[in-house]
Every structure is written in C-alpha cells, then in structure tokens.
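Novice: Turn this into a structure:
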Amino acid sequence: MSRVILPLLLTLVGCEPAAEPPTAAALDRERYRQSAALLKTDAAQAAALCLEITDAVLQGECATFAAKQMAGQRIDPLPLCAAVQHPGWQQVCYFEASDGAGLVAEEAIAACQRSGEFIERCLSHALSRHADRDWRQVPQGQEAAFLAWLEEQIPLYGLEAGYQDVRKDFLARRIADRMRKAGDGAFSSAACGAAPADTCAEVYRYLVRGAARNLDVAPLCAEPITPARLAAAGLPTWPDGDPAVVAELWGRLCRELQGPGRPPPHLPPN
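Specialist: Okay, here's the model as predicted:
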C-alpha cells in the first residue's frame, strides 16, 4: 500500500520525485550530435566536443570526422588525432588528417607513420599528391626527368615494395590528361615527349579507354582493326605507332572493354 500512497502524497504536496540524470551514453550521443552540427562552421569547437565523449569508439569516430574538417579549414588536426583513445580510430584519424590537409613530403610521412595498418595507403596518397603538384610544372620534353624524380621519391616515402610499377601508370595517366585537353583525335608518339616507349603505349591505352567508355566496341573488335575503322568510330588512331605494339594493345583493350573470352583483334600488316 505504501508504494501507491507515497507517490500520491508527494504529488499532492508538490514534491514530485527528481528526474533521473542522463546516462553517460546519452551524454556521449548528445555531444556527438552537437559536434556533427558544428563540423562545417566551427571544426575546432566540434573537435572539443568529441574529446568530451567518454566512449572510446564513439570518441574516435567523432574525432576522425572533425580532423578531416579541421584539415579542410586549415586547422592542424594532428593534436586531435593524438588525443583519440581508441587505437584503431586513432590510425584512421591520422590517415584522414594527412589526406584532408594535403600533406606531402616530411609532414605526410610523419603523419602516415602513425596510421598503423593504413600506412601504405596513406603514403601512396601522399606521394601521388606530391607528384601531381610537381607535374603541373613539367614542360613537354621533361617527362623522363620527372620520372627519375618520381623514382627517387619512392624510397623516401618508404614505398619500394610494389610501387615501382605504379610510376609508369602515374605518368601515362598525366600525359593522357594533357593530350585530352589538347583535343587532337590522332595520337602521336611525339606527344609523349621524353617518356619511355612502354609508358607512351599506356598513354594511348588510356586515351582509347576514355573515348570508348560509352561505345559498344563489339563490332569493332570482331574484325581486324584498321586506322580507318578507328577514326570512323571516333576513337584515337596512332599513325606512327609500331603495328605490333598497337595490335597487342588492342588485344588488351578489347578484352578489357568487353570482358574475357573474346579473341584479340589484330591490325593488318602495313
């Protein structure tokens, strides 16, 4: 009976029981929500709210988002990442901080060294940013010198294993982008400047893949490929290319663009 009468008496005299204080989990969720609302306008304040979160996993997730925004707002995010309690989220935070801030060279390497299992990806992104930045200043004819510089950077970034093959791909993509901007339908070896021959072949491959993105190449690949048929299809030709190299490239391209199981095409001999 007293369990029923006591709340009734308290209500009658205006003394209702005090509300339960919010739990730690509820407070953490509210701080996370407030931080997310502030990210775009005040990343530093958003980060401060993240550090008040007691749950290590939620704090790490919150801080990682804040670090990325801080980097974009030119605020150093590395001290925030250092304060993250959860080891896994701390690694992600350093990776996102390096990417978001566009760090290169020593700064990127220092941040990536703390990114744990993401270190190779982090360093790879940093080297690509560094190379992109320097490539903008490379005039045509200096491609070989740029490639030599890139080869010097690979060990400095600690990317010897597996990254040597990437340098050709990187340079080929940049030369192809340069040629697309020029808008010339025919591909010329001269456009590769001083790039190695195998890199020049990859440039042509990238140009064709880009031009054929929305085309059905099955009819083209079903018969011997000639420069006239390429031009009729609106695809780049390679007038001064080695026919054997072009034939091998088109074998790869037809398989890539159509999928496996199709016989490779060939160019007729000159």
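Novice: in the stretch 101-250 of the chain, which ranges drop under the pLDDT threshold?
Specialist: Low-confidence segments of the stretch 101-250 of the chain (pLDDT under 70): 161-165, 182-185.
Novice: how about the helices of it, start to end?
Specialist: For the stretch 101-250 of the chain, the helices defined by DSSP state H, counting those that start in this stretch occupy 105-112, 119-135, 143-156, 160-182, 197-211, 218-221, 227-232, 243-258.
Novice: Any chance of TSV for those helices, columns mean neighbour count and distance to Gln59?
Specialist: Just so you know, the C-beta spots here come from the backbone N, C-alpha and C atoms, and that holds for glycine as well. Formatted as TSV, these follow (neighbours: other CB atoms under 10 Å; distance: least, CB to CB, whole Å):
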stretch	mean neighbour count	distance to Gln59
helix 105-112	18	20
helix 119-135	18	21
helix 143-156	15	34
helix 160-182	16	34
helix 197-211	19	43
helix 218-221	16	54
helix 227-232	14	57
helix 243-258	17	45
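Novice: The most centrally placed residue in the chain and Cys112: what is the separation?
Specialist: Geometric centre of the chain, nearest residue: His125, 6.7 Å, by CA atoms, centre = their mean. When CB to CB, to the nearest Å is the yardstick, His125 and Cys112 sit 9 Å from each other.
Novice: that older thread, columns distance to Ala82 on top of the helices of the stretch 101-250 of the chain, output as CSV?
Specialist: Converted to CSV, the helices of the stretch 101-250 of the chain look like this (distance: least, CB to CB, whole Å):
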stretch, distance to Ala82
helix 105-112, 11
helix 119-135, 16
helix 143-156, 24
helix 160-182, 28
helix 197-211, 41
helix 218-221, 55
helix 227-232, 56
helix 243-258, 45
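Novice: which residues touch the residue nearest to the centre of the chain?
Specialist: 98-99 (CB atoms under 8 Å, 6 or more residues apart in numbering).
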